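# structure for this input, please:
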Amino acid sequence: MVIEQALKRLDNYIKSKELIKSEDKLILGCSGGADSNAMLFLLARLRRVLNVSLLAVHVNHQLRGAESDADEMAVKQLCLFLNVPIIIRKATISPTGNLENQARKARFAMFNQVLENYQFDKILLAHHSDDQAETVLQNLFRGAGICGMAGIKPIAGKIVHPMLCFSRIELEKVLIEAKIPWQTDNSNLDNSFNRNRMRNDLIPKLISEYNPGVKQHLNRLADIFLQADNLLLERTKKQLKRLTLDAAQGKISLDLAGMQKLIPIERYYLMRLIFRKLCGHEVDFMGVHYDAVEEVLFSQGSKKLALPHGVSVKKLYEELIFFTGNDALPGAESEFIEIEADRARAVYGDYRFSFRYLKVLPKEPNPEEAFYNIIIDADKIKYPFKIRFRKPGDRFIPFGMNQFKRLKEFFIDEKVPKYDRDSLPLFDDGEILFWIVGYRIDNRVRRDETSTHYLQITAEPITTKPNRAAKKKKSDKRGNDESDEL
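Modelled structure (predicted):
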């Protein structure tokens with residue numbers, strides 16, 4: 001009777017949570033303990049009803065000597081009895097450091113390896129409602145947010161937890177009725193581990209001295225937080241679509257002002273979602289990383305920050321950019337680009353450049369535009385010239401001066417933010433570093449009364465979205481038509 005009720009409950013839970021689809025190929029993580037043996041037994045009974053394929057995988061961590069080998073043999077025998085194929089993997093764990101964490105990582109690495117090699121669909125783990133209660137309580141003590149308080153999710157990517165609808169006692173009753181033994185891991189009695197101390201000491205005290213239904217309440221709390229987490233995640237997906245300015249392989253750029261208008265929890269979910277998109281998972285995006293990104297978001301000037309798993313974030317102009325790799329500066333994939341005399345346009349770094357040769361000088365640009373719209377003596381530079389980023393030893397003669405100045409000193413004097421210094425394009429003809437974009441030209445290329453050929457270079461930041469119609473109208477008003485060009 002216990003078995004039939006358990007089969008019905010498991011079937012209903014799988015269908016209500018949409019954990020498994022027909023024809024799924026499922027890997028069952030089997031340790032030999034009561035929970036995984038019960039999962040193996042019940043799913044072996046349901047496999048035809050669910051129309052799924054099963055493969056048991058046992059990882060022998062080799063940490064408990066003969067006991068570990070006994071676990072392996074017991075799982076083999078049960079799989080033979082249930083007619084479920086099994087793969088055994090042995091892990092080598094360092095005796096130093098966090099053994100639990102090392103074992104978990106080794107186990108998941110092997111599960112995923114089997115999943116890929118044999119082209120299976122999902123990995124099923126046998127965590128039950130007692131594990132859920134412990135996880136929620138542990139996350140509460142850690143100060144976890146909504147996602148952490150949701151505890152163990154029924155399904156997360158390719159990981160499925162179908163046994164959350166059972167308590168450990170219920171699973172043991174199933175095995176007793178089925179006359180299936182299970183292995184006992186004596187390390188679970190070692191209260192030097194926080195999880196064991198919570199399971200063996202704290203929760204029993206909470207049940208006996210505070211509330212007999214504490215486990216049920218913690219599971220109910222996890223379900224409520226899971227619903228809230230799913231609701232916020234769906235909202236976040238819409239916000240990501242709305243705020244994304246550019247998305248490419250390994251890079252997502254967001255509207256800075258839009259990000260700043262969100263409330264903190266919305267920004268947290270958005271950052272976590274982007275982190276997962278870039279590196280494949282979100283487990284290592286912690287509160288400390290959120291705080292660090294917040295500091296970048298609301299800082300003055302350009303900033304850059306490294307996050308775990310090769311993800312970085314930078315604030316640049318009106319964007320907050322998340323990316324992977326050493327740097328995500330447009331154009332940084334090449335050390336420089338060469339500009340021939342007949343070239344009209346180029347893109348490098350964060351700028352689009354246009355080049356026009358003039359025979360008649362236009363009106364002077366607005367002071368605000370002058371640093372990004374220069375006119376120099378075209379005969380005073382050599383072709384082809386290069387656009388590049390800075391390198392050690394760079395120096396030039398700033399406009400209005402007659403002595404060389406090291407570029408580093410110039411940046412310090414001009415209070416150029418440190419991060420901006422590496423992303424500023426420089427124009428170099430091999431002899432003269434003739435333009436520091438956005439700041440100064442070299443005095444040696446300035447036009448004078450002897451100049452007869454002029455080169456106008458305009459820099460347009462890629463990250464801005466100018467009104468091109470208005471820009472054109474403004475140019476026409478100044479009289480810059482094609483008759484001015486050579």
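# could you find the closest non-adjacent residue to the residue nearest the centre of the chain?
Geometric centre of the chain, nearest residue: residue 275, 1.8 Å, by Cα atoms, centre = their mean. The shortest distance from residue 275 to any non-neighbouring residue, by Cβ to Cβ, 6 or more residues apart in numbering, is to residue 285 (4.4 Å). The way it works is simple: take the backbone N, C-alpha and C, and place the C-beta from them, glycine included.
# got any ranges where the stretch 351-486 of the chain has weak pLDDT?
365-368, 419, 463-486 (pLDDT under 70).
# at 50 instead, please
Along the stretch 351-486 of the chain, the parts satisfying pLDDT under 50 run over 464-486.
# remind me, longest helix of this structure?
The residue-count maximum for a helix in the chain (DSSP state H) belongs to helix 214-243.
# which positions in that one come out as buried?
Buried residues in helix 214-243, defined by neighbour count with 16 or more other Cβ atoms under 10 Å: 214-215, 218-219, 221-222, 225-226, 229, 232, 236, 239-240, 243.
# could those residues go into a markdown table alongside distance to residue 302 and pLDDT?
Shown next, in a markdown table, are the buried residues of helix 214-243 (distance: Cβ to Cβ, whole Å; pLDDT from 0 to 100):
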| residue | distance to residue 302 | pLDDT |
| --- | --- | --- |
| 214 | 50 | 95 |
| 215 | 51 | 95 |
| 218 | 45 | 96 |
| 219 | 47 | 96 |
| 221 | 43 | 95 |
| 222 | 42 | 95 |
| 225 | 37 | 95 |
| 226 | 39 | 94 |
| 229 | 33 | 93 |
| 232 | 30 | 94 |
| 236 | 26 | 95 |
| 239 | 24 | 95 |
| 240 | 23 | 94 |
| 243 | 19 | 94 |
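# how far away is residue 286 from residue 41?
From residue 286 across to residue 41, the span is 38 Å (Cβ to Cβ, to the nearest Å).
# coming back round to it: I'd like the buried residues of helix 214-243 as CSV, with distance to residue 172 appended.
Shown next, in CSV, are those (distance: Cβ to Cβ, whole Å):
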residue, distance to residue 172
214, 20
215, 15
218, 20
219, 18
221, 25
222, 22
225, 28
226, 26
229, 31
232, 37
236, 40
239, 46
240, 45
243, 50
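# so residue 462 is in contact with residue 353, correct?
No: using Cβ atoms under 8 Å, residue 462 is not in contact with residue 353; the gap is 10.6 Å.
# quick one, which of those two is more surrounded?
Using other Cβ atoms under 10 Å as the criterion, residue 462 and residue 353 rank with residue 353 on top: 22 against 17.
# I'd guess that one is in a strand, am I close?
Yes: counting by DSSP: H, G, I helix; E, B strand; the rest coil, one finds residue 353 located in a strand.
# let me see the contact set for the closest residue to it other than its chain neighbours.
Counting by Cβ to Cβ, 6+ apart, residue 353 lies nearest to residue 346, which is 4.7 Å off, once chain neighbours are set aside. Residues in contact with residue 346 (Cβ atoms under 8 Å, 6 or more residues apart in numbering) are 337, 339, 352-353, 355, 387.
# now, which of those residues sits nearest residue 88?
residue 337 (56.2 Å; Cβ to Cβ).
# what about the closest one, helix or strand, and which?
Secondary-structure element containing residue 337, defined by DSSP states H and E: strand 336-339.
# from the chain's centre, how far out does that strand sit?
33 Å (Cα atoms, centre = their mean, to the nearest Å).
# just stretch 145-153 next, same as before
With Cα atoms, centre = their mean, you get 18 Å for stretch 145-153.
# so for that stretch, what's the average pLDDT?
Averaged over stretch 145-153, pLDDT sits at 90.
# which residues does the residue lying closest to residue 277 once chain neighbours are set aside contact?
Distances taken as Cβ to Cβ, 6+ apart put residue 252 closest to residue 277, at 6.8 Å, once the chain neighbours are dropped. By Cβ under 8 Å, 6+ apart, residue 252 lies in contact with 244, 246, 274, 277-278, 321-323.
# still on that earlier bit, so which of the buried residues of helix 214-243 comes closest to residue 7?
Lowest distance from residue 7 to the buried residues of helix 214-243 (Cβ to Cβ) belongs to residue 219, with 21.1 Å.
# for the closest one, give its distance to residue 225.
Using Cβ to Cβ, we find residue 219 at a distance of 11 Å from residue 225.
# find residues that contact each of these two.
Counting by Cβ under 8 Å, 6+ apart, the shared contacts of residue 219 and residue 225 are residue 151.
# that concludes my questions; thank you for your assistance.
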